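Participant: The following comprises the amino acid sequence and a computationally predicted model.
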Amino acid sequence: MARNLQLGIESDWALQYSNSFPAVTYLNDSSGKPIYERITEINVPVVFDKTIIAVSVGTTVPVGKIWKYAGYLRRSLTTGLGASFVGEPESLFLGKFNLIVFNDLNINYFLSLQVPKWFINANIAIYQYEGIDTTTLEDDVTAIKTALGI
């Protein structure tokens, strides 16, 4: 069963969260360069209710370096027993919109991100897909109802 989506329509995406996180400096090394504390796990204070999101992570890449990895994203939901992680962590690419399609769950969820320890800042943007999301099964049922005059 395939899904019918219109991911290429910009107006079907809604920005749900955007923020910047600088790493804290606490010392300088022997050559006077700052030493940065790792950016802690970022808990996104937004409740998501759609199964398709796009996540963008940016950072300052030092001259001469090529970084592609931007950390990982985890999904959690609240159960009667407390917060529980759902599924495997999703790896993220740096400087790209990472399209993530979760398995269908009719429940709201939360996100958390962990960027690599070498990031000295992180710029996060998370969009939720608000457009058409139907399956071919729904189209088939509609076609059958139309053919039967229901």
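Facilitator: The structure has been received and is ready for your questions.

Participant: Show me what the helix or strand of the chain with the lowest mean pLDDT is packed against.
Facilitator: Ranked by mean pLDDT, DSSP states H and E, the helix or strand of the chain with the weakest confidence is strand 133-135, at a mean of 72. On a contact count with 3 or more C-beta pairs under 8 Å, 6 or more residues apart in numbering; DSSP states H and E, strand 133-135 meets strand 3-5. C-beta coordinates here come from the backbone N, C-alpha and C atoms, glycine included.

Participant: Check the offset of the helix or strand just after the strand it packs on from the chain's centre.
Facilitator: As assigned by DSSP states H and E, the chain's next helix or strand after strand 3-5 is strand 13-22. How far strand 13-22 lies from its chain's middle: 10 Å, per C-alpha atoms, centre = their mean, to the nearest Å.

Participant: Quick check: mean pLDDT of strand 13-22?
Facilitator: Averaging pLDDT along strand 13-22 gives 97.

Participant: Report the buried residues of the least confident helix or strand of the chain.
Facilitator: Buried residues in strand 133-135, counted by 16 or more other C-beta atoms under 10 Å: residue 133.

Participant: next one: stretch 3-21
Facilitator: 12-13, 16-17, 21.

Participant: Please enumerate the strands of this protein.
Facilitator: 3-5, 13-22, 25-28, 34-36, 42-43, 52-58, 69-79, 82-93, 97-101, 110-114, 121-129, 133-135 (DSSP state E).

Participant: before we move on, the earlier item: name the surrounding residues that touch the least confident helix or strand of the chain.
Facilitator: 1-5, 50-52 (C-beta atoms under 8 Å, 6 or more residues apart in numbering).

Participant: strands paired with it, and their directions?
Facilitator: strand 3-5 (antiparallel) (DSSP bridges).

Participant: is it true that residue 6 touches residue 12?
Facilitator: Yes: counting by C-beta atoms under 8 Å, residue 12 is a contact partner of residue 6 at 5.9 Å.

Participant: shared neighbours of the two, which are they?
Facilitator: 131-132.

Participant: what comes up buried for stretch 20-38?
Facilitator: Buried residues in stretch 20-38 (16+ other C-beta under 10 Å): 21, 23, 36.

Participant: whoops, I mixed them up, stretch 38-57
Facilitator: 39, 42, 44, 48, 51-57.

Participant: quick one: contacts of stretch 4-16?
Facilitator: Against stretch 4-16 from outside (C-beta under 8 Å, 6+ apart): 46, 48, 52-54, 99, 125-136, 139.
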